[in-house]
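Asker: sharing a model that was predicted from the sequence below.
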Amino acid sequence: MENTKELRNWLNDMNLGHPLVIAGPCSAETEEQVMHIANELKDTDVSYFRAGIWKPRTRPGMFEGVGAIGLKWLQKVKAETGMKTATEVANRAHVELALEHDVDLLWIGARSTVSPFIVQEIADALEGTDKIVLVKNPVNPDLSLWLGAVERLHTANIQKLGVIHRGFSTYEKTKYRNIPEWQLAIDLQTRFPDLPIINDPSHITGKRDMIFDVSQTALDLNFDGLMIETHFDPDNAWSDAAQQVTPATLIQIMKDLRIRKESDPETEYNSKLNNLRAQIDILDHQLIETLGKRMKVSDGIGTLKKSRNVAVLQSSRWNEILGKMILEGETKGLSEEFVLRMFKAIHQESINHQEKVLKA
């Protein structure tokens, strides 16, 4: 995509004065449920009412959505509340039905983004549409695959494009449902600064009490908006109950979020500074996560050494590591003095862990 400036026009033209907010239930369950939530969200900063009509589930037998009948409920939402509507599409039939019911914004889900065949089918079905089309990141952290999906849509002459950052799946147990991998989203922003990027804290966290913090981080990183799942009775939702918030909670979140605006030189400076500091916070968190994993490996080494009655300190191995890290540090602009201090501290912590294992 050589010229991405045109892609942002749809967002600029809205003149919101605040980040774009897309909110509504994970799944449309009943007409009453949809209208209840929509009526609580009207006359707020929510611009698009979202509801899952077709739900791609990990395993069969789970609730997979109400299907096309839900589109009629979205039509009613638009007619009675004035809010625009949004839903996920995963194939040509979904696209055709969504367009027939005048859904305003469509998004391609993470499971669909992983397949160029599915994305191409959707792009062909949407060719030339003036609808807004957003692409969620693929399940796996693959920037090329994510951008490839956007490029297929752009090639189909779809101008109102954007992306949704919803985190990435991992086998590791973390505090997130899907780890953010913020750096990947930052790389996307750097390469295509005119492509709107929306954060989906609901799917990143999987827990409603973490949504505010992730939303604030996204805004500090100059994300353009948020997609937050909202239900009037979250605990009894038919899908993703733990990550949905009530409309009242969403409204409070929107009030409490600090919005970074660039309106004058001083504000622009502070906005850029806050953005860079947010990036440092993310990288610091990753450092702690990585060091924690390294010490778990050290515990394993300690257990192995204990079984063979081997000494903790292996000087030749330590000198070999240190030499490699000094050379690698130089390629990253790190001084030899800094690398020595850092790895001596890491090595000492590793020794402490192994000695603790040996003494147990």
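Answerer: Alright, I've got the coordinates. Numbering: from 1, shown residues only.
Asker: what helix or strand is the closest residue to Leu143 other than its chain neighbours on?
Answerer: Computed as Cβ to Cβ, 6 or more residues apart in numbering, the closest residue to Leu143 that is not its neighbour in sequence is Leu184, at 5.6 Å. Quick note: C-beta positions are derived from backbone N, CA and C, even for glycine. Following DSSP states H and E, one finds Leu184 within helix 182-191.
Asker: what is the mean pLDDT for that helix?
Answerer: Mean per-residue pLDDT for helix 182-191: 90.
Asker: please apply the same query to stretch 13-30.
Answerer: 92.
Asker: now stretch 349-356
Answerer: Stretch 349-356 comes out at a mean pLDDT of 88.
Asker: list the buried ones in it?
Answerer: Across stretch 349-356, burial judged by 16 or more other Cβ atoms under 10 Å covers Ser350, His353, Gln354.
Asker: equivalent analysis for stretch 123-142, please.
Answerer: 123, 125-126, 129, 131-139, 141.
Asker: repeat that for stretch 78-87.
Answerer: Those would be Lys78, Thr81, Met83, Lys84, Thr85, Ala86, Thr87, for stretch 78-87 by 16+ other Cβ under 10 Å.
Asker: any chance of those in JSON lines, with pLDDT, distance to Trp107 and secondary structure too?
Answerer: Output for the buried residues of stretch 78-87, formatted as JSON lines (pLDDT from 0 to 100; distance: Cβ to Cβ, whole Å; DSSP: H, G, I helix; E, B strand; the rest coil):
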{"residue": "Lys78", "pLDDT": "97", "distance to Trp107": "17", "secondary structure": "helix"}
{"residue": "Thr81", "pLDDT": "97", "distance to Trp107": "20", "secondary structure": "helix"}
{"residue": "Met83", "pLDDT": "96", "distance to Trp107": "16", "secondary structure": "coil"}
{"residue": "Lys84", "pLDDT": "97", "distance to Trp107": "13", "secondary structure": "strand"}
{"residue": "Thr85", "pLDDT": "98", "distance to Trp107": "12", "secondary structure": "strand"}
{"residue": "Ala86", "pLDDT": "98", "distance to Trp107": "7", "secondary structure": "strand"}
{"residue": "Thr87", "pLDDT": "98", "distance to Trp107": "8", "secondary structure": "strand"}
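Asker: could you work out the most separated pair of those?
Answerer: Thr81 and Thr87 (15.7 Å; Cβ to Cβ).
Asker: end to end, how far does stretch 229-237 reach?
Answerer: Distance between the two ends of stretch 229-237: 11 Å, counting by Cα to Cα, to the nearest Å.
Asker: quick check, nearest of the buried residues of stretch 349-356 to Ala23?
Answerer: His353 (45.4 Å).
Asker: now do the same contact list for the residue lying closest to Pro25 once chain neighbours are set aside.
Answerer: Excluding its sequence neighbours, the residue lying closest to Pro25 (Cβ to Cβ, 6+ apart) is His231, at 4.9 Å. By Cβ atoms under 8 Å, 6 or more residues apart in numbering, the contact set of His231 is Pro25, Cys26, Gln33, Ile37, Ala237, Ala241, Gln244, Val245, Thr246.
Asker: and the first one, how many neighbours?
Answerer: What it means is Pro25. With neighbours defined by other Cβ atoms under 10 Å, the count for Pro25 comes to 26.
Asker: what's near enough to touch it?
Answerer: Gln33, Val34, Ile37, Arg50, Ala51, Gly52, Glu229, Thr230, His231, Ala237, Gln244.
Asker: ok, back up a step: farthest pair in the buried residues of stretch 123-142?
Answerer: Across these (Cβ to Cβ), the longest gap, 29.0 Å, separates Thr129 and Pro141.
Asker: which residues in this structure form strands?
Answerer: Secondary structure of the chain (DSSP state E): strands located at 20-24, 48-50, 84-89, 105-108, 132-136, 161-165, 197-199, 225-229.
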